[in-house]
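Participant: here's my sequence, what's the structure:
(2 chains)
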Amino acid sequence: MAEKIWSRPENPTRGVASTLGISRAQLREAIHAIKPGAGLQPDDNITIWDDGSVTDAGDVSIGNIFDEI
Amino acid sequence: MKSDSGTLSTNAGLRFMGDRLEPQRVTALLGTEPTVAYRKGEIARPGTRYKFRGRTGLWWVSSSRRVSSTDLKDHLGYLIGILFPDGKPDLVEPLRLLMAEDGLKADVDCFWYGEHGAQPPEIPDYIRQLFARLPAPIETDYDTD
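Facilitator: Numbers count the residues shown, from 1 in each chain, chains lettered A, B, ... in the order given. Next up is the predicted model:
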């Protein structure tokens, strides 16, 4: 079962990228590729899981970091 | 790719949203295939393992993977080229009409990521004014290493 690695309003840290085995630039670019297509704004909260999946504030899966790299 | 300005990654997107949005109408008017598009209540990302139903209709085109420049202005220029196609009348008024008829809102998203200490790009006023004609406010998502 995937574990939550980020669920805060700020931009995710280098540690989150490191957990996923990618650079922070790759992580930020992937998040930006997911949010607009889900109807979210840049500052809307998301949760990142250790399998790369991303959920919105309603716990709906809206994408995966690894699909956007 | 890294640029002289310290830019590591950048792109821009143009998005329309609304409960009555019909993706084909936007695609037909703009003559460009969207990056993501769906109607309200429709499966948003068919063919992927992450399917969700659109809370509203959405049509979004991103310059990512279509423009390779590390200059944000080139990415915004790609979007402007969609609205102002070469040799044809601009699409601002037809889009404004479509937005009014279908109750759509538009916005422009700008992503920029730079190396530590790099200065984020400024968006020229003339670009802001072009998108303001829709209107499509510009949202920025800037960050550094």
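Participant: now the residue of chain B most remote from its centre, what's its secondary structure?
Facilitator: Distance from the centre of chain B peaks at B:G117, with 26.9 Å (Cα atoms, centre = their mean). State at B:G117, reduced to three classes by DSSP: H, G, I helix; E, B strand; the rest coil: coil.
Participant: residue contacts, it?
Facilitator: Residues near B:G117 by Cβ atoms under 8 Å, 6 or more residues apart in numbering or on different chains: B:6, B:144. To be clear about C-beta, it is placed using only N, CA and C from the backbone, and glycine gets the same treatment.
Participant: now the strands for chain B?
Facilitator: Assigned by DSSP state E, chain B shows strands spanning B:7-18, B:36-38, B:57-62, B:105-114, B:138-144.
Participant: as CSV, those strands with mean neighbour count would be great.
Facilitator: Putting the strands of chain B into CSV (neighbours: other Cβ atoms under 10 Å in any protein chain shown) gives the following:
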stretch, mean neighbour count
strand B:7-18, 24
strand B:36-38, 23
strand B:57-62, 24
strand B:105-114, 22
strand B:138-144, 18
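Participant: now for B:G54: which residues touch it?
Facilitator: A:39, B:38-44.
Participant: does A:G15 belong to a helix or a strand, and which?
Facilitator: helix A:14-20 (DSSP states H and E).
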